[in-house]
Each structure stands twice: as structure tokens, then as C-alpha cells.
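Chemist: Sequence isn't available, so here's the structure alone:
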């Protein structure tokens, strides 16, 4: 027994370790339950009482020596993390982590929302799957209106469809709130249109609504004029042209003046110098009554604009499909608008 203990002690003494793996090998060889040291304790149980008295203290010393050796090996070993740090110059500048950029639609929409928020408008959101009432009927769309046709709208069921505008959100706001109401409704809308360089089957809108006592067309013009000044610049010229929308009366379209000096301006404005950016008008009395608002006491205006159209103009994008291709080379170009 004494000789066995001496042999194990010599093995422990001569064992060297420079890596974490070699230290682990030492532990597995000597210190685990079936290791060489514990195996000696199993042999110790078979000794006579007199032999146990002589070997007991020597065996305990061996166990303590093995544990001490394991501790020393652990303290002296070079870890993998420390190995990786060898030769590193920490005075060198760190590597630059590439930063992402916002999508051009997000940049434009964010700026538009911020302008209206400064005017006191809050944000209202609603479902993208709508019923006929909120998408059409409450907004004064006649039964034979083309928008109700399957060729123009994505129907899920007979009277359930993907919303064609965010005006449906305005209906919900009017139904659930008492005037005064001042809100904008940004969101994605869907039209059953052929996909081309200038149109897509889905796009983004921002629509606004203001309902209160004594609201006039002059309030509408001033609100939109202020928006144009803050978004396109203080010297931007605007004009209003008569138009038609089922949910507003009177209705108008608002243009900004670009001129025809450059080929791009001529192309965008089709030679007129004017670019349409939004539709607007006074909320039709039928819409107010449909939503439970007293049209004799309250009046209001509404407006709506396409985010893609303004984004394409701002950044000179000629194909709307480019905005949805997720091409990293294209998206990395864009920085927030001033």
C-alpha cells in the first residue's frame, strides 16, 4: 500500500499543465470518484486495523497534496481568453461598427408626423382589415362607386376588405370621441392596382381630421400651407384646385410649384410646373351625421397624402418598387431630412 501511495505521489509531482485542458486532465486522473487517489481509499478499506493505522495519515496527506497541486495548476495556467489577448495593443483605436440607416419612407413619414404634432394633432391608428361601414358607407361612398368593385379593392369576404385609405380610422375616431377632434392617421393601405414604376398594390398614407365649432376652409388652407412651409421650405408656392371626394364638400387638391427649369421637374409636373401632393376638403355633413356628430353645430376639414409620392419627389426615386426591394445598396444612401 505504501509503495502504491508513493507511485501516485510521484505522478502528481511530475504532472505539468499549461492549458485549461491539461488541468482538467489532472482532475480527471487523480481527483474524481474513480481517480487514482480515491482508488487508494478503496484499497484502504481492505487493510487490517494495524495497516490502516500506518497508512491512514499518509493517504490523507496524499489527498491534500493532490488538491493543493490542482489549485496551483489552476492558478498558473493560461486561459484561452488570456491567450487571445497576448500581443494585443490596447492603445489602437477600436474597429468601427457599421450603423444602419432608416428607410426613406420612415424618414419622410416621421418628419410629416412631427410637423402635425407641433400643430396639436394627435395620432390615431386602426385595423388594416375593415368592414364596409368604416371603409365606404360611413364615408358617403355610393353603392355604385368604383372603389367598391373587386377590380379596385382587395375583398376578404363580401363586406370585409383590406382598407383602401386611412379615412376608416377617422370614422372610428369620430364615433368614439366628442369634438373637438384633431388627429392624423398614418398607416398602410391597399388598392388592387397593377404594379408599375408609379403604382403599387399597397402604399402608405397620412390623413388628417379636424372637427370643432366654426371650422372653415380658411383653417384648412392655413394648416396645409404651414405644413408645406415646414416640410418643403418657406418659399414654396402652393395652389388649390377644385376636386371631388365622396367624403368632403367642397373638395380640393393641393399642388406645390416646382417649375420646369430642369428635365426632372418637367417630367414630374408633366410640363405644368405644378406637382400634386395631397387631397383635402371640408368634411361632408353626411359623414358627420353618420358618425353621430351634430353637423349643425360642428364642422371640420380632412386631408390625405401618399407618403411614397412625397418620398419619391424628395429623394429623386423614379421607381416606387425600389422602395420595397430591400436592396442594402439603395437603403444605405438615406439620411434624415433636415
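Modeler: In hand now; what should we look at? Only a predicted model underlies this, so the values are computations on that prediction, with no experimental measurement involved.
Chemist: Domain-wise, how is this structure divided?
Modeler: 2-85, 104-331 (automatic domain parsing).
Chemist: By mean pLDDT, show me the worst of these.
Modeler: If the domains of the chain are sorted by mean pLDDT, domain 2-85 sits at the bottom with a mean of 77.
Chemist: Just name the most buried of the domains of the chain.
Modeler: For those, ranked by mean neighbour count under the definition mean count of other CB atoms under 10 Å, the leader is domain 104-331 at a mean of 17. Every C-beta, even on glycine, is put in place using the N, C-alpha and C of the backbone.
Chemist: Could you tell me the end-to-end distance of that one?
Modeler: Its first and final residues considered, domain 104-331 spans 7 Å by CA to CA, to the nearest Å.
Chemist: Show me where the stretch 1-150 of the chain has its strands.
Modeler: Listed in chain order, the strands found in the stretch 1-150 of the chain under DSSP state E, counting those that start in this stretch are 122-123, 129-131.
Chemist: Turn these into CSV, including distance to residue 219.
Modeler: Converted to CSV, those look like this (distance: least, CB to CB, whole Å):
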stretch, distance to residue 219
strand 122-123, 17
strand 129-131, 28
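Chemist: Reformat the domains of the chain into TSV and put distance to residue 95 next to each item.
Modeler: Supplementary listing: the domains of the chain in TSV, determined by distance: least, CB to CB, whole Å:
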stretch	distance to residue 95
domain 2-85	15
domain 104-331	20
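Chemist: coming back round to it: so which of the strands of the stretch 1-150 of the chain is nearest residue 107?
Modeler: Nearest to residue 107 among these is strand 122-123 (17.1 Å), distances taken as CB to CB.
Chemist: and that closest one, how far from the chain's centre?
Modeler: A distance of 19 Å separates the centroid of the chain from that of strand 122-123, by CA atoms, centre = their mean, to the nearest Å.
Chemist: Show me what it is packed against.
Modeler: Where contact means 3 or more CB pairs under 8 Å, 6 or more residues apart in numbering; DSSP states H and E, strand 122-123 is packed against strand 181-190.
Chemist: What segments of the stretch 1-150 of the chain are helices?
Modeler: Shown for the stretch 1-150 of the chain, the helices assigned by DSSP state H, counting those that start in this stretch span residues 2-14, 20-30, 36-44, 49-76, 80-85, 104-118, 132-135.
Chemist: Could you measure from the residue of the chain most remote from its centre over to residue 295?
Modeler: No residue in the chain has its C-alpha farther from the mean C-alpha position than residue 50, which lies at 79.2 Å (CA atoms, centre = their mean). With the distance defined as CB to CB, to the nearest Å, residue 50 ends up 114 Å from residue 295.
Chemist: and residue 274, backbone torsions?
Modeler: Recorded main-chain torsions at residue 274 are phi -110, psi 140, according to degrees, to the nearest 10.
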